[in-house]
Structures are given as C-alpha cells and as structure tokens.
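Student: sequence first, predicted coordinates after that:
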Amino acid sequence: MERRTIGATALAVGAVGLGCMPMSWAYSTSRQRGENSLRAVHRALDLGSTLLDTADMYGPFTNELLLGRVLRQRRGDAFVSTKVGLLVGDQHIVANGRPGYVRRACDASLRRLQTDVIDLYQLHRADPEVPVEETWGAMAELVQAGKVRALGLCAVGARSARRPGARLHDMTIRQLERVQQVFPVSAVQAELSVWSPEAVEALLPWCGARGVGFLAAMPLGNGFLTGTLTPGEGFEADDLRARHPRFTAEMMAANQPIVVGLRRIARRHGADVTPAQVALAWVLSLGGQVVPVPGAKRERWVAENAGAAELRLTETDLAEIAALPAAQGSWD
C-alpha cells in the first residue's frame, strides 16, 4: 500500500488507516465479536493499513486492551494512535485535561496496549476548566520522556463549535494555534467525507500550510456512504446512529442520491469497485497528508477499505462528486 507521512517528523503510515472504535464502542454491540475484531486488525496490518486508531474511552478501555493482544505480537508492523482527555461515566462523558491525569492516563494506555511507546497521542477534547496549553504541555513532556512519539489534536465537535457567523472549525483552529506555540502539532483528526466535506474549507488548508497530517474521521459517513444501509431498517438502541438526525428513515431516504452517485462512479471503474472505495478515494485525493481512518470490525470491510488506496479517480469522477447534492439533515 502507498505510504503517507504525518507531521514534520515524517511518521510513515499506510494511506488508509483502521478506526478501531466500532469493535467495542458506539455501534451495535450485539455484533461485536472479539475474535472477529482481532482477525480484522491482523488483516489490516497484512494489507498495509498500519495506522490503528483507538482511544482510552472506547469501551471504556476495552478497545485498547483488544489492540494490545495484537501489538504484543506485531508491534513493529503497527502505527499506534490513541487519545486522552475524555472520561466516560454513567450516561455522560466529561473532559479532563489536568496534567496529572494526562500523565496517569498515558501510563495506563501503554499498559493496556502492551507497548512502551505510543506513536501518536491525541487530545480528544480540551477541558474547559484547564487552559489547553497546560494539557498540551503535559503531553509534550510525554514525548520528551520517550513514552510518545508525536502529538495530535481532535477537532472540536460541531455542536460546541458553532457560533453565529462562525465556520465549523474556527474553534479548532484557534486551539491549534495556541498549542502550536507549546509543542508542534503532528496531526489533526476531524470528520471528512463526501457528505461532510466542511474541513476542506479551512481546517485542511491550515494543516497543509504547516505540514500537519490530517486523519479523516468517519470518511464513510458512519456507514451511510457504503450503500449497505437500508432506510427505515433501524439500529440497535446502543448504536449512536439510532439517535442521529441524519439516520432517521426520512433523512436516509432523502440522501440516497449521494450513494447513487458514488455507485455510478464505482461501476465505471469495475464490477468489484464499491461506493465505499469511491468515497475513500475521494478523501485520499485531497492531499498527500490526508489519511482516511474508516472504522471496521470485520476482515471483509477492512480489505475493501484498503483496496481504495489503489483506486484513482478521474477528473470526471471528481467533478461528479463535487456536483452531488449536499447532505440533508443536521449533523448535530
């Protein structure tokens, strides 16, 4: 698989990463099978999808434990990305950016992941009670201590970022400019997909101008862009899409023209090419510093996603994607 680099230190990863969250958090827990997930991670590494993206809050903790079982055998094949800054409680999630907590959380993640170094340590969310510079400074100390190789920042959520007249990622860019004064940012993770392209406006150019890598979260639109979801079929109660405005039966039906367009382009490239691969190839086309991180928990989908790295969209394809209707429904 093609390799791409993250940040000024040129950390090399496969062009398509693997989002590990669905293996133990947020999506249809009845379909989560540890052994299937382990095979999926091994398959990703075999195919060159070396970036494994997790977080201590996924599970919580169980996602890192699962990856640790793979890393114990194949640490040299993997690029490990995990996150800090969010605590999961009963029916709520809170931010914690206190330096002492960050240091303890890193040590705990290292133990669960069964490794002595984290390749990319990302701040999941800034703590409103702690200056982000203090949190970032504690993370920088972890780099200096040899426990972490590089630092990244996850974009602020859409709901908390919007103010009248503000662009979606204005708050994230302000945070980035603040922490960049403390220690270099190697990567930014934010949602970016055919049906949520807002990062292209300002956040992606900010990263490109500074040599900062961009991890494209949810590049398949939480599964919608795969074309495998049926409007009105419903989701399990613990699936985040069960409460998501874009995943009501009405909105899923209204947004089908996006999938139809992706499927039309896929057919031009061959009978085995899928809408998901077209969606990922579009993300890959946005720049050499962009690495899509699609979530998957089965070998089949891991292999399909990895195959997108070989797909080259034409100018006609890209123009058709640009002309697709904007997604309907709130993303909040």
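Tutor: Perfect, I can see it now.
Student: use CA for all of it now, contacts and neighbours both
Tutor: Will do.
Student: residue contacts, the residue most central in space within the chain?
Tutor: Taking Cα atoms, centre = their mean, the centroid of the chain lies closest to Ala217, which sits 2.8 Å from it. Neighbouring residues of Ala217 by Cα atoms under 8 Å, 6 or more residues apart in numbering: 189-192, 292-294.
Student: could you redo the last one with a cut-off of 6 Å?
Tutor: Ala217 makes contact with 190-191, 293, according to Cα atoms under 6 Å, 6 or more residues apart in numbering.
Student: which ones among those lie within strands?
Tutor: Residues of the contacts of Ala217 located in strands (DSSP state E): 190-191, 293.
Student: quickly name whichever of those residues is closest to Ala12.
Tutor: Closest approach between these and Ala12, by Cα to Cα: Val293, at 14.6 Å.
Student: how close does Cys207 get to Thr172?
Tutor: Distance from Cys207 to Thr172, counting by Cα to Cα, to the nearest Å: 12 Å.
Student: so where's the stretch 151-300 of the chain shaky on pLDDT?
Tutor: 157-166 (pLDDT under 70).
Student: in it, which spans are strands?
Tutor: Assigned strands in the stretch 151-300 of the chain, in chain order: 187-191, 213-217, 290-293 (criterion: DSSP state E, counting those that start in this stretch).
Student: Thr82 and Glu320, how far apart?
Tutor: 35 Å.
Student: which one of these two has more residues nearby?
Tutor: The neighbour comparison of Thr82 against Glu320 (other Cα atoms under 10 Å) goes to Thr82, with 24 against 14.
Student: dump the residue contacts of the more buried one.
Tutor: Counting by Cα under 6 Å, 6+ apart, Thr82 touches 53-55, 121.
Student: which one (most neighbours) among those residues?
Tutor: Of these, with other Cα under 10 Å as the count, Tyr121 tops at 27 neighbours.
Student: name the nearest residue to it, sequence neighbours excluded.
Tutor: Leaving aside its chain neighbours, Tyr121 sits nearest to Leu151 (5.0 Å; criterion: Cα to Cα, 6 or more residues apart in numbering).
Student: next one: Gln289
Tutor: Once flanking residues are discounted, Gln289 sits nearest to Gly213: 4.9 Å by Cα to Cα, 6+ apart.
Student: in contact with the one you found, which residues?
Tutor: 6-7, 187, 289.
Student: try 10 Å this time
Tutor: Going by Cα atoms under 10 Å, 6 or more residues apart in numbering, Gly213 touches 4-8, 10-11, 152, 185-189, 204, 207, 287-291.
Student: and the nearest residue to Arg241 once chain neighbours are set aside, how many neighbours does it have?
Tutor: Once flanking residues are discounted, Arg241 sits nearest to Phe247: 5.9 Å by Cα to Cα, 6+ apart. Phe247: 24 surrounding residues under other Cα under 10 Å.
Student: spatially, what comes nearest to Cys106 if we skip its sequence neighbours?
Tutor: Residue nearest to Cys106 in three dimensions, not counting chain neighbours: Val84, with 7.6 Å by Cα to Cα, 6+ apart.
Student: mind listing what the one you found touches?
Tutor: 55-57, 95-97, 101-103, 105-106, 109, 121-126, 139, 153.
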